[in-house]
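1. Sequence unavailable; structure follows:
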């Protein structure tokens, strides 16, 4: 006997008990809608989190020093701090910095290729670092040169304009001078503040801006300055490989030596920065995962429940079929096939609903359009779920003895 | 009669404990998920000062550059310049007005046993406290004389008063802030508006600043600019004053206007002010000022995060799945009772009686599901707190409104879900089930 021969009776039975089948089909449809969209959102978030900051994340941390004593000599303190921290055996290198990549807070400016008020400009994050910045941030020079100690200046808010030389990321280079190689732009002039010229002396690979939601996340420039507003300075430290925790203790201990003159605070590993910035995405991923798992369990239970109910109701009918010579396998197959028909209606509806929900999400929350293959994969998964869920009740049905045909239920 | 139906419902639930538990659990899961996300959305979109929402207005002036808008497509910047907030404050054309900014510095307690620490300041005017109905534990805000003369007075939050003075009445005590001595004039009681509507530029759901002091000290003490700073062009002059005199925005301005007439007058005043400034070569853009009341300002800033809304919609769909499940379970259950129903019909119960009886039964299940769901949402909110950390602390508390909503939502949803099974149960013919007995 071929399975196809049973489709007819299955359909006729389903039509006689529309509601039960409809309930399961609807449940499957809505479940698929949620699961498909949730997995899509999860994948998108994971792609966001996988972007490379450019920093040596496992070995980096930052710390602030805030001088509050009246005669605090910040300029010399910075130099001494840098020297002492660099001398620590657990530290690879250190620089002063005005902002931490992907931390959420920072400084941005606009650069333009031609000077003038009405010319196009390109936004970029600004990192004020010293000549050790490149090594400390773990970025590679693709062309040009690093800053020299002589180029450094001290910035506390009283000086004019910007330093003469800058180093930019390759992404910023592509925005400013499309289709040029790093080597070709060394020595070129760009304008900051509409008309103040600066020279590009170097191009580095990847360094992300402080704002993870920013379209120009890869646009960053380095400016040779010791940043120290209000006697407050931040150090970015790169520890020797694997020695971050040791280095954090060492640096904090060193800085705390002069605690009557300054406050040492905000010591934070880069890992924590990443967790803070991407925490929302990580949380969303976890929540959606929990929702999906719970939902799949509920739907699975729903299928088991309704199938069991159907089996109980049809005990006599099943017994009769068995008495008329149907094998156990044929009974199992009947229920599995029935479930397959119901699930098919569900996943077909689910495919339409999934696309519908995605369109709503795109319109209201500016999410991306769903990639097509999520739909067939979702359908496949729910087909499997349906078959798995119905297998138990179907086995039970198959065990109904033929003698049941003669009994009153 | 009702109590009889309740008894029947209880008997019926007890007779079939597995099915009943499953139903209650399914509903509870759906309600739990929904209430968790609805609570977060509800608190995020909360208007923390409803009773004054219509009289408090956030002011925006468009001082931006000629070639592009501060905010697309053509909106003014969220914050204002030092020059403008001071001019508007001094004009005193509103019933009350408070310019403000975020700053911070090192706090050195008078008690040398307490270590110096860094804290956030809110620089503002004495009107701030009356405008926003800030509750005081001790003392009060400062007067306008303190504002105009830049007196070294400070208002502490309850927490910081705890840190500095062990929570005692500290009025008249001294504390060193950013190197200068301040006198405490007030300690405010618990005050955590959610969201922090008066400054949505910096940490919408964050803690309020810890110390409040007169804004005029910004200039004399060279207090740093914390929070968001935006400039469309660099300051013309260097140094701290150069920044203050520039077109950079870092200040917020709120006014209290008691009726639409005052609002119209104030809008006119703002237009006149900007036109006057245009004669000094400022404000290159066309007139584009905004006066938003609290609700409008919250909506404009879309403080409810997209993620929270997405989760809410998904959880409502989740509830739908749970309800579909419940319909299926109820169908099985009521159908299982068909002989009993047939008997009751045969001995004279009308369809209406049966309908009421079964609706009471579904209502009981709904309420039980709502209560368990409320418990689950409590755990859900704890989970969110664990996931989101400090940010979520203020967004994850269930209040009475939410508890009532949970029960109501559960009740209504369950009764709707129960309609079809109930109808099926009622339409069982009186004698049909008796034959085989």
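-> Arrived safely. What you are looking at is a predicted structure, and each value in this text was computed from that prediction instead of being measured.
2. What's the mean pLDDT across the helix ranked longest in chain B?
-> The longest helix of chain B (DSSP state H) is helix B:351-388. Regarding helix B:351-388, the rounded mean pLDDT is 90.
3. Also stretch B:247-261?
-> pLDDT averaged over stretch B:247-261 gives 95.
4. now the helices: where do they sit in the stretch 151-300 of chain B?
-> Here the stretch 151-300 of chain B has its helices, by DSSP state H, counting those that start in this stretch, at B:158-165, B:217-220, B:239-244, B:260-278, B:294-300.
5. Show me what the fourth one is packed up against.
-> On a contact count with 3 or more C-beta pairs under 8 Å, 6 or more residues apart in numbering or on different chains; DSSP states H and E, helix B:260-278 meets strand B:56-60, helix B:82-91, strand B:290-293. Glycine gets a C-beta too; all of them are placed from N, C-alpha and C.
6. Same question for the last one.
-> Contact here means 3+ C-beta pairs under 8 Å, 6+ apart; on that basis helix B:294-300 packs against strand B:56-60.
7. now the strand it packs on, how far from the chain's geometric center?
-> With C-alpha atoms, centre = their mean, to the nearest Å as the basis, strand B:56-60 stands 18 Å off its chain's centre.
8. ditto for stretch A:81-95
-> Taking mean C-alpha positions (C-alpha atoms, centre = their mean), stretch A:81-95 and its chain are 33 Å apart.
9. Same check on stretch A:372-381?
-> 22 Å.
10. Quick check, pLDDT for residue B:396.
-> pLDDT for residue B:396: 78.
11. excluding its backbone neighbours, what's nearest it?
-> Excluding its sequence neighbours, the residue lying closest to residue B:396 (C-beta to C-beta, 6 or more residues apart in numbering or on different chains) is residue B:381, at 4.0 Å.
12. okay but the one you found is in contact with residue B:402, surely?
-> No. Residue B:381 is beyond contact range of residue B:402, at 9.7 Å (criterion: C-beta atoms under 8 Å).
13. Quick check: neighbours of the helix or strand hosting residue A:190 in the sheet, parallel or antiparallel?
-> Element membership for residue A:190 (DSSP states H and E) is strand A:189-192. In the sheet, strand A:189-192 lines up against strand A:108-112 (antiparallel), strand A:196-204 (antiparallel) (DSSP bridges).
14. what comes up buried for the first one?
-> Translated: strand A:108-112. A:108, A:109, A:111, A:112 (16 or more other C-beta atoms under 10 Å in any protein chain shown).
15. where does the second one sit relative to residue A:223, distance-wise?
-> The one in question is residue A:109. In this view, residue A:109 and residue A:223 are 9 Å apart by C-beta to C-beta, to the nearest Å.
16. which neighbours do the two share?
-> Between them, residue A:109 and residue A:223 have residue A:126 as joint contacts when contacts are counted by C-beta atoms under 8 Å, 6 or more residues apart in numbering or on different chains.
17. rank the strands paired with strand A:189-192 by mean pLDDT and give me the bottom one.
-> Note on these: strand A:108-112 shows the lowest mean pLDDT, a mean of 90.
18. got a list of contacts for that strand?
-> In contact with strand A:108-112 (C-beta under 8 Å, 6+ apart) are residues A:119-126, A:172, A:176, A:190-194, A:198, A:209, A:221.
19. next SSE after it?
-> strand A:122-129.
20. coming back round to it: next, format the helices and strands packed on helix B:260-278 as JSON lines and append mean pLDDT and distance to residue A:204.
-> Shown next, in JSON lines, are the helices and strands packed on helix B:260-278 (pLDDT from 0 to 100; distance: least, C-beta to C-beta, whole Å):
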{"stretch": "strand B:56-60", "mean pLDDT": "96", "distance to residue A:204": "39"}
{"stretch": "helix B:82-91", "mean pLDDT": "96", "distance to residue A:204": "37"}
{"stretch": "strand B:290-293", "mean pLDDT": "94", "distance to residue A:204": "42"}
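21. any chance of these in CSV, with mean neighbour count and distance to chain A too?
-> What follows is these, written out as CSV (neighbours: other C-beta atoms under 10 Å in any protein chain shown; distance: least, C-beta to the nearest C-beta, whole Å):
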stretch, mean neighbour count, distance to chain A
strand B:56-60, 24, 21
helix B:82-91, 19, 15
strand B:290-293, 18, 22
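22. surely residue B:256 meets residue B:97?
-> Yes. Using C-beta under 8 Å, residue B:256 is in contact with residue B:97, at 7.3 Å.
23. ranges for the strands of chain B?
-> B:56-60, B:96-108, B:117-124, B:136-139, B:153-157, B:174-177, B:180-188, B:211-214, B:252-256, B:290-293 (DSSP state E).
24. Does chain A have contacts with the second one?
-> So the one you mean is strand B:96-108. Yes. Using C-beta under 8 Å from any C-beta of the partner chain, strand B:96-108 reaches chain A at B:105, B:106, B:108.
25. Equivalent analysis for stretch B:184-199, please.
-> No. Counting by C-beta under 8 Å from any C-beta, no contacts exist between stretch B:184-199 and chain A, the nearest distance being 15.4 Å.
26. Please state the offset of that stretch from the chain centre?
-> Stretch B:184-199 sits 14 Å away from the centroid of its parent chain (C-alpha atoms, centre = their mean).
27. Then stretch A:248-260?
-> 35 Å.
28. quick revisit: mind checking how far the residue nearest to residue B:396 is from chain A?
-> Using C-beta to the nearest C-beta, to the nearest Å, residue B:381 is found at 12 Å from chain A.
29. How many neighbouring residues does that residue have?
-> Counted with other C-beta atoms under 10 Å in any protein chain shown, the neighbours of residue B:381 add up to 22.
30. in a helix, that's where residue A:96 is, yeah?
-> No. Looking at residue A:96 with DSSP: H, G, I helix; E, B strand; the rest coil, it is strand, so not inside a helix.
31. Identify the spatial nearest neighbour of it, chain neighbours not counted.
-> residue A:226 (5.1 Å).
32. Likewise for residue A:311?
-> residue A:397 (4.4 Å).
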